[in-house]
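A.B. asks: Sequence and predicted structure, then a few things I'm wondering about:
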Amino acid sequence: MSAELEEIHEECGIFGVWGDPDASRLTYFGLHALQHRGQEGAGIVSNDHGHLISHRGLGLLTQVFHDESQIERLKGEAAIGHVRYATAGSSSFDNIQPFTFRFHDGDMSLCHNGNLTNCPSLRRKLENEGAIFRSNSDTEVLMHLIRRSPRSTLLDRLCDALNTVHGGFAYLLLTEHEMIGALDPNGFRPLTLGRMKNGAYVLSSETCALDVVGAERVRDIQPGEIVVVDNDGYRIVQYAPHTQLSICSMEFIYFARPDSDIYGVNVHSARKRMGSRLALESAVEADMVIGVPNSSLSAAAGYAEISGLPNEMGLVKNQYVARTFIQPTQELREQGVRMKLSAVRSVVSGKRVVVIDDSIVRGTTSRHIVQLLKEAGAAEVHMRISSPPLKYPCFYGIDISTTKELIAAKKSVEEIREFIGADSLAFLSLDGLVESIGLQGDAPYGGLCVAYFNGDYPTALDDYEADFLASLPSEDCERLAHFAECNSEYVGNEFHSSIVSHHARRALRVDS
Ligand code: AMP
């Protein structure tokens, strides 16, 4: 994969307020509740009667806003904010959002959660036409497209721009007169509208941040919708001709906070059901269940309930270590895992333990956990993973970028078991995952994106497609082509036709 394609993965949190004199402070509180979605940088922009004031920086929210005066300066009754999580390669101040743009007809500020699949080619085209970019983030592309649209109102221009970008995105936009939220036609990332008692509106990546500022959920923003909030209230505009919900299943598995609800499904309860289902699918003789803190504690509770085994605290997490996943080298990643988790010797010594984790990406964490528990005297360690094996990259904004990093793309379950040193290993089935999350709706997989598990991408992959198809082993290509022929359920999915024709070309090459 080229460096250009490799650099733009962003999983972030966005939060905005319209109509409260303390808008920037409330935005700070909202972002604080969304800190798990991004720890690399943060920023808030407020709207002081049309003058947009910004404060941004690298690091955690409390590092960026370490002094009361920094919030005090962000005056006005509206604000939007962002916490950023990106791959190590692009950790520069220039990429910290929200971005603010000064135009002759008014300031605008913009932030974004997700990843655009056609960003590199759009950017190249825009640069060739004279556009100047100051970051390597996807977000600026949208603003260039808005400004280039020939239509007269901001809303029409935004609709044009949103119909030009592809992939996973939730945007927040702030101007003097309104705060706007927009979601991609598949709703890959969550976005919710809430209302405070004083009538102020908030938009947030997750509902957990609504609770923190005392807002009631009004509605989840649906695929292909724009929500415009101004002094008259809010209105919804449908900008996309075709929509189909395929929300990222990793939001439920790992990314979102357990107290959040996504499309009416509570994340903790979904994880607990995944754990229960895992216990039914892969029972094992053991003395106790241990959840890997924090993201797997809900699944461990479900596993324990069904298996009848005690749910013990056999692993403790140091809560002050940021996520290990973003460390740039394997050595640092391993050091990060060592700093993060410790085994409780007196609990596990001499015991047969079932360890529940939410996912295996590279295998670093599971391998370390097995070693820790064995060193602490565990008699047997059985790993149970509350999601299916991650085999395919994500192009919509979760940092699982290349197949070569994914251990399950190269190794069988037995080979992974051997690599991590566990006595047994099992993953949740795909059906088990979909049924446990239990979204209501008739979209494929109940409205979830499960492409990391089975390669069934709900959209065209655009700039990523050629590299992705070239990286597919023949058997995979054959399987996906068959799959695409039998299950072309996704509305207007060009990826399915690409994979079928790619397979046909490959087969011809092989035959000739
Ligand atoms: P690894 O050690 O590379 O196998 O990563 C697995 C661990 O990373 C699991 O314990 C997960 O909780 C966590 N994880 C899974 N997906 C992600 C992600 N997209 N970003 C950060 N951490 C993740």
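C.D. replies: Nice, thanks for sending it over.
A.B. asks: which parts of the stretch 151-300 of the chain sit against the ligand?
C.D. replies: Residues of the stretch 151-300 of the chain lying near the ligand by Cβ under 6 Å from any ligand atom: 254, 292, 295. Yep, even glycine has a C-beta here, placed from its N, CA and C like the rest.
A.B. asks: next one: the chain
C.D. replies: By Cβ under 6 Å from any ligand atom, the residues of the chain that approach the ligand are 254, 292, 295, 323, 325, 357-366, 398-400.
A.B. asks: Please list all residues in contact with the residue lying closest to residue 173 once chain neighbours are set aside.
C.D. replies: Sequence neighbours aside, residue 180 is the residue nearest to residue 173 in space, at 4.3 Å (criterion: Cβ to Cβ, 6 or more residues apart in numbering). By Cβ atoms under 8 Å, 6 or more residues apart in numbering, the contact set of residue 180 is 155, 158, 171, 172, 173, 174, 226, 227, 228, 229.
A.B. asks: and the helix or strand harbouring the fifth one, average pLDDT?
C.D. replies: Element membership of residue 173, judged by DSSP states H and E, is strand 167-174. For strand 167-174, the mean per-residue pLDDT is 97.
A.B. asks: Just give the number of residues close to residue 213.
C.D. replies: 23 (other Cβ atoms under 10 Å).
A.B. asks: still on that earlier bit, pairing partners for the helix or strand where the residue nearest to residue 173 lies, with directions?
C.D. replies: Secondary structure assignment for residue 180, by DSSP H and E: strand 179-183. Partners of strand 179-183 in the sheet, by DSSP bridges, are strand 167-174 (antiparallel), strand 225-230 (antiparallel).
A.B. asks: before we move on, back to that, want to throw the residues of the stretch 151-300 of the chain next to the ligand into a markdown table with distance to residue 101, secondary structure and pLDDT?
C.D. replies: As requested, those are exported to a markdown table (distance: Cβ to Cβ, whole Å; DSSP: H, G, I helix; E, B strand; the rest coil; pLDDT from 0 to 100):
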| residue | distance to residue 101 | secondary structure | pLDDT |
| --- | --- | --- | --- |
| 254 | 34 | helix | 95 |
| 292 | 43 | coil | 97 |
| 295 | 36 | coil | 91 |
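A.B. asks: Mind putting those into TSV with neighbour count and distance to residue 469?
C.D. replies: Below are these laid out as TSV (neighbours: other Cβ atoms under 10 Å; distance: Cβ to Cβ, whole Å):
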residue	neighbour count	distance to residue 469
254	21	27
292	23	35
295	22	32
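A.B. asks: from memory residue 305 sits against residue 273, does it?
C.D. replies: No. Using Cβ atoms under 8 Å, residue 305 makes no contact with residue 273, being 10.3 Å away.
A.B. asks: Those two: which is more packed in?
C.D. replies: Neighbours per residue, other Cβ under 10 Å: of residue 305 and residue 273, the larger number sits with residue 273, 23 against 15.
A.B. asks: Surely the more buried one is in a helix?
C.D. replies: Yes. Secondary structure of residue 273 (DSSP: H, G, I helix; E, B strand; the rest coil): part of a helix.
A.B. asks: residues touching the nearest residue to it once chain neighbours are set aside, list them.
C.D. replies: Leaving aside its sequence neighbours, residue 273 sits nearest to residue 436 (Cβ to Cβ, 6+ apart; 3.9 Å). Contacts of residue 436 were listed using Cβ under 8 Å, 6+ apart, and they are 270, 273, 274, 276, 277, 428.
A.B. asks: What helix or strand is residue 436 located in?
C.D. replies: Using DSSP H and E, residue 436 falls in helix 430-437.
A.B. asks: what's the single longest strand in this protein?
C.D. replies: Criterion DSSP state E: the longest strand present in the chain is strand 106-116.
A.B. asks: Restricted to strands, list the residues of the chain next to the ligand.
C.D. replies: Those of the residues of the chain next to the ligand lying in strands (DSSP E): residue 357.
A.B. asks: so residue 353 touches residue 382, yeah?
C.D. replies: Yes. With contact defined as Cβ under 8 Å, residue 353 counts as touching residue 382 (7.0 Å).
A.B. asks: if I look at the two, which residues touch both of them?
C.D. replies: residue 286.
A.B. asks: Same drill for those two, tell me which one is more crowded.
C.D. replies: Neighbour count, other Cβ under 10 Å: between residue 353 and residue 382, residue 353 has more, with 27 against 23.
A.B. asks: and the more buried one, what pLDDT?
C.D. replies: pLDDT, read off for residue 353, is 98.
A.B. asks: What strand or helix carries it?
C.D. replies: Per DSSP H and E, residue 353 falls inside strand 352-357.
A.B. asks: Partner strands of that strand, with direction?
C.D. replies: With DSSP bridges as the test, strand 352-357 is paired with strand 288-291 (parallel), strand 380-385 (parallel).
A.B. asks: hey, which of these is tucked in deepest?
C.D. replies: Neighbour counts (mean count of other Cβ atoms under 10 Å) averaged over each of the strands paired with strand 352-357 peak at strand 288-291, with a mean of 27.
A.B. asks: what ranges do the strands span in the stretch 301-450 of the chain?
C.D. replies: 311-312, 315-317, 341-343, 352-357, 380-385, 424-427, 448-449 (DSSP state E, counting those that start in this stretch).
A.B. asks: check contacts around residue 312.
C.D. replies: So residue 312 contacts 288, 289, 290, 347, 348, 353 (Cβ under 8 Å, 6+ apart).
A.B. asks: quick one: which of the residues you listed is nearest to residue 146?
C.D. replies: Residue 146 has its nearest neighbour among the contacts of residue 312 in residue 290, at 50.0 Å by Cβ to Cβ.
A.B. asks: Now do the contacts for the closest residue in space to that closest one that isn't next to it in sequence.
C.D. replies: Among residues not flanking residue 290 along the chain, residue 314 sits closest, at 3.7 Å (Cβ to Cβ, 6+ apart). Going by Cβ under 8 Å, 6+ apart, residue 314 touches 288, 290, 343, 344, 347, 348, 353, 355, 373, 378.
A.B. asks: measure residue 314 to the ligand for me?
C.D. replies: 15 Å (Cβ to the nearest ligand atom, to the nearest Å).
A.B. asks: So what does that residue look like in phi/psi?
C.D. replies: phi -100, psi -10 (degrees, to the nearest 10).
A.B. asks: before we move on, the earlier item: how far off centre is the strand holding residue 353?
C.D. replies: Counting by Cα atoms, centre = their mean, to the nearest Å, strand 352-357 is centred 26 Å from the centre of its parent chain.
A.B. asks: let's have the chain start at 45 instead
C.D. replies: Sure thing, new numbering starts at 45, so read that last one as strand 396-401.
A.B. asks: which residues touch stretch 545-556?
C.D. replies: Identification of contacts with stretch 545-556 by Cβ under 8 Å, 6+ apart yields 513, 518, 521, 522, 524, 525.
A.B. asks: mind exporting stretch 147-167 as CSV, just the C-alpha atoms?
C.D. replies: Provided in CSV are the C-alpha atoms of stretch 147-167 (Å, rounded to 0.1, in the frame of the first residue of the first chain):
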residue,chain,number,x,y,z
PHE,A,147,-13.7,33.3,3.9
HIS,A,148,-14.8,36.7,2.7
ASP,A,149,-18.4,35.7,3.4
GLY,A,150,-17.8,34.3,6.9
ASP,A,151,-15.8,31.8,8.9
MET,A,152,-16.4,28.1,8.9
SER,A,153,-15.1,25.3,11.0
LEU,A,154,-15.2,21.6,10.3
CYS,A,155,-14.3,18.3,12.0
HIS,A,156,-14.7,14.7,10.9
ASN,A,157,-14.7,11.1,12.2
GLY,A,158,-14.1,8.4,9.6
ASN,A,159,-12.1,7.7,6.5
LEU,A,160,-12.9,8.6,2.8
THR,A,161,-12.2,5.9,0.3
ASN,A,162,-11.8,8.3,-2.6
CYS,A,163,-9.8,11.0,-0.7
PRO,A,164,-6.4,10.5,-2.4
SER,A,165,-7.8,10.9,-5.9
LEU,A,166,-10.1,13.8,-4.9
ARG,A,167,-7.1,15.5,-3.3
